[in-house]
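Everything below, folded, please.
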Amino acid sequence: MINVIVAGAAGRMGCRLVALIRDSTFLTLSGAIEGKGHRALGKDAGETAGCGHAGVPITDDFTALLDRGEVVIDFSNPEATLLHLRATAKHRRAMVIGTTGFSAPHLAELQFLASQSPIVLSPNMSVGVNLIYKVIGEMAKTLGDEYDIEVIEAHHRLKKDAPSGTALKIAEVLAKAVGRDLNQVGVYSRKGLVGERKKGEIGIQTIRAGDIVGDHTILFGGMGERIEVTHRASNRDTFAGGALRAAQWVVRQPPGLYDMMDVLGLR
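Below is the predicted model:
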């Protein structure tokens with residue numbers, strides 16, 4: 001059994017991770033973390049997740065738990081994740097990170113810390129989404145410059161970052177496939193008299209509404225036809241399940257920065 005620590009254990013994703021770990025035959029819950037002052041501190045992680053008593057209290061003392069765990073799964077926020085990662089790297093533990101919204105300096109530090117510990121970083125842990133990353137690059141190459149590319153993402157009203165990390169990753173994959181710099185061709189909003197669509201643009205559009213778990217559509221628009229590739233998540237278990245798969249994989253790896261393409265053997 002692999003001992004897992006869940007960071008953000010009382011959040012929407014954290015609760016599903018706790019519940020699925022409790023059902024796993026390969027993983028066991030060894031620790032649960034939340035931020036200082038969180039209302040769930042001291043409560044049982046399993047009861048908080050709605051899956052019964054787990055015998056693991058939620059605490060804010062991350063360092064004290066590291067001797068109990070082999071891998072940390074973190075879906076919290078960039079600042080908290082980096083704080084956890086610094087301690088994890090110091091103790092040479094593995095980490096799976098599903099947090100999004102990292103700045104360029106955050107990512108630079110994360111890359112440095114990956115020289116000390118094995119880390120899986122992915123904006124989307126879904127097996128289906130990561131297969132889409134593989135497929136859409138080939139589609140973009142084949143369709144060529146005569147097809148316009150748009151990425152549309154939709155999430156629940158409580159999501160804080162926009163566009164989603166998955167949408168940005170999709171746009172990066174597409175831009176690389178067709179030899180473009182996303183910083184130069186990415187268009188994130190259109191309003192007013194903007195003129196004709198510029199050749200080579202990659203549009204990334206955001207929707208926030210209700211309780212949408214996560215929808216992503218890649219649209220290739222040509223003259224006389226369009227092709228759409230859509231992934232819709234109906235619940236968070238698809239992301240949690242992928243994260244658990246990554247946790248089982250990363251504990252066997254040397255220090256380095258990996259993603260779900262590595263985990264799934266899609267390179």
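
for the helix ranked longest in the chain, packing partners?
In the chain, taking DSSP state H as the definition, the longest helix is helix 127-143. Contacts defined by 3 or more C-beta pairs under 8 Å, 6 or more residues apart in numbering; DSSP states H and E place helix 127-143 against helix 165-177, strand 214-222, strand 225-233, helix 237-250, helix 260-263. Using the backbone N, CA and C atoms, a C-beta is placed for each residue, glycine as well.

one more time with 7 Å, if that's ok
When contacts are defined as 3 or more C-beta pairs under 7 Å, 6 or more residues apart in numbering; DSSP states H and E, helix 127-143 sits against helix 165-177, strand 214-222, strand 225-233, helix 260-263.

Kindly format the C-alpha coordinates of the second one as PDB.
If I follow you right, that is strand 214-222. This file holds the C-alpha atoms of strand 214-222, laid out as PDB (Å, rounded to 0.1, in the frame of the first residue of the first chain):
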ATOM      1  CA  GLY A 214     -15.500  21.200 -16.600                       C
ATOM      2  CA  ASP A 215     -16.200  21.400 -20.400                       C
ATOM      3  CA  HIS A 216     -13.500  21.900 -23.100                       C
ATOM      4  CA  THR A 217     -14.100  22.200 -26.800                       C
ATOM      5  CA  ILE A 218     -11.500  22.500 -29.500                       C
ATOM      6  CA  LEU A 219     -13.100  23.900 -32.700                       C
ATOM      7  CA  PHE A 220     -11.300  23.700 -36.100                       C
ATOM      8  CA  GLY A 221     -13.200  25.900 -38.500                       C
ATOM      9  CA  GLY A 222     -12.500  25.600 -42.300                       C
END
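
Okay, now the sheet partners of it, with direction.
Here strand 214-222 has these sheet partners by DSSP bridges: strand 148-155 (antiparallel), strand 225-233 (antiparallel).

buried stuff in that strand?
Within strand 214-222, the residues scored as buried using 16 or more other C-beta atoms under 10 Å are 214-221.

Including pLDDT, could the residues you listed go into CSV?
Below are those laid out as CSV (pLDDT from 0 to 100):
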residue, pLDDT
Gly214, 93
Asp215, 97
His216, 97
Thr217, 98
Ile218, 98
Leu219, 98
Phe220, 98
Gly221, 98
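
From these, pick the one nearest Ala94.
Distance to Ala94, by C-beta to C-beta, is smallest for Gly214 among the buried residues of strand 214-222, at 25.3 Å.

Beta-bridge partners for that closest one, please?
Bridge pairing for Gly214 - DSSP bridges - gives Ala233.

ok, now which ones touch His216?
129, 153, 166-167, 170, 231 (C-beta atoms under 7 Å, 6 or more residues apart in numbering).

Kindly recompute the last result at 10 Å.
124, 126, 129, 132, 151-155, 163-164, 166-167, 169-170, 229-233 (C-beta atoms under 10 Å, 6 or more residues apart in numbering).

tell me the domain boundaries of this protein?
With automatic domain parsing as the criterion, the domains of the chain are listed as 2-121+236-263, 127-233.

of all those, which gets the most neighbours per residue?
domain 2-121+236-263 (a mean of 19; mean count of other C-beta atoms under 10 Å).

ends of it, how far apart?
Terminal residues of domain 2-121+236-263 lie 16 Å apart, using C-alpha to C-alpha, to the nearest Å.

Same check on stretch 157-172?
25 Å.

Now do that stretch: distance to the chain's middle.
Relative to its chain's centre, stretch 157-172 lies at 10 Å (C-alpha atoms, centre = their mean, to the nearest Å).

avg pLDDT for it?
Averaged across stretch 157-172, the pLDDT comes to 93.

Kindly report the same for stretch 188-198.
92.

Can you give me every residue that contacts the residue lying closest to Lys169 once chain neighbours are set aside?
In space, and not counting its chain neighbours, Lys169 is closest to Pro123: 5.1 Å by C-beta to C-beta, 6 or more residues apart in numbering. Counting by C-beta under 10 Å, 6+ apart, Pro123 makes contact with 97-102, 129, 161, 164-170, 259-260.
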